[in-house]
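1. Okay, here's the prediction I keep looking at, along with the sequence it came from:
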Amino acid sequence: MTTAYDRAMASLLDLTTQGDVGTITDESQLPSIHLMDPQQLYELWERQHWMSAAIDFTRDRADWARIPEGARRQLAWNLSGFFIGEERVTTQFGGLVGAYENQSEEAFLCSQQVDEARHAQLFNRFFAEVVGVDGDFEERLAWARAQLSAPFEVLFDRELTAANRRLLDDPADLEAKVEYVTVYMMVIEGTLALTGQHLLTSHLEREGLLPGFLEGFRHVARDEHRHVAYGTWFLQQKCADAHLRRVARDKLAALLPLASQVLVPPGTDREREGFLGYTNAQADDFAYTALSRRLRVVGIDLGPQIGP
Ligand SMILES: [Fe+2]
Ligand SMILES: [Fe+2]
């Protein structure tokens, strides 16, 4: 029997990618949206398994060898950010899992941690088999780390790890949980990763490059939208409280300027040079459009001084 609840869920999945309102096709629906809860998101996850080991990189190896040196360096820089990012969001996730408030939330959060480990596995395979970085997983991570810029390290090594540490110290600290979800789901996944994924996917599709990687990356993006859908649901619940709403808003205000630096390759002029065929203004615009839709549903107004 189909219930009203099932119908509401079906219509949100029709309107958005994975229940993530950042992707909504009709903005006029935003005020009446009923978000998917952790139980529904967990059940969605059960229907969407994929295998990082099953991706065929044969064509990718041939493509990689024929990409001109400069473009290959820029791609390797971009992919290194994703590789390290996936490792960080896997290992720095335990605090949130331990802060679950009921069994449905615990199940969803466990599913997300598996997703992040799988994403890191995909990148490890790609760096071994396509980029050609020898050694073991740790040595490939060290190679990728050497590519990264200072803003990346501040966000992933300082902000994310500190937020995780705070939750590990006290899983019942709701303010710490709101901060963590804001850093992780709103800034890192929602603003950075999904924007980077959109730009990179469009670029590779346009150029007809790396079909194996694209197949894996589409699975990753689908998972990420599901994760961001959880973060939006969680913040909507907690930000009904004015103090917690202010905590989330202040964290966003502090981190968004830093986040917009992470996608800029080192040594390039942020104001003038674009990336993968997009200007920085276009990248910011994509990121802020999705973020502002999510925040509208959460009930946070960032104000004009923080926008692009
Ligand atoms: Fe991920
Ligand atoms: Fe994720």
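-> In hand now; what should we look at? Ligands and ions are numbered 1, 2, ... in the order given.

2. Only C-alpha atoms from now on, for both contacts and neighbour counts.
-> Will do.

3. What residues of stretch 101-113 count as buried?
-> 104-113 (16 or more other Cα atoms under 10 Å).

4. For Phe57, which non-adjacent residue is closest in space?
-> Leaving aside its sequence neighbours, Phe57 sits nearest to Gly212 (Cα to Cα, 6 or more residues apart in numbering; 5.1 Å).

5. quick one: Leu295 and Asp301 touch, right?
-> Yes - with contact defined as Cα atoms under 8 Å, Leu295 counts as touching Asp301 (7.0 Å).

6. More neighbours: the two, which one.
-> Set Leu295 next to Asp301 and count neighbours by other Cα atoms under 10 Å: Leu295 wins out with 19 against 13.

7. what's near enough to touch the more buried one?
-> Residues in contact with Leu295 (Cα atoms under 8 Å, 6 or more residues apart in numbering) are 232, 301.

8. From Glu189, how far out is it?
-> Note on Leu295: its distance to Glu189, by Cα to Cα, to the nearest Å, is 14 Å.

9. which outside residues touch the helix or strand containing Gly95?
-> Per DSSP states H and E, Gly95 falls inside helix 94-98. Residues outside helix 94-98 that contact it (Cα under 8 Å, 6+ apart) are 106, 109-110, 164-168, 171, 177, 180.

10. Redo those as CSV? Include secondary structure, pLDDT and distance to Arg73.
-> Shown next, in CSV, are the contacts of helix 94-98 (DSSP: H, G, I helix; E, B strand; the rest coil; pLDDT from 0 to 100; distance: Cα to Cα, whole Å):
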residue, secondary structure, pLDDT, distance to Arg73
Glu106, helix, 98, 40
Leu109, helix, 98, 35
Cys110, helix, 98, 35
Asn164, helix, 98, 32
Arg165, helix, 98, 34
Arg166, helix, 98, 37
Leu167, helix, 98, 37
Leu168, helix, 98, 38
Pro171, coil, 98, 42
Lys177, helix, 98, 38
Tyr180, helix, 98, 33
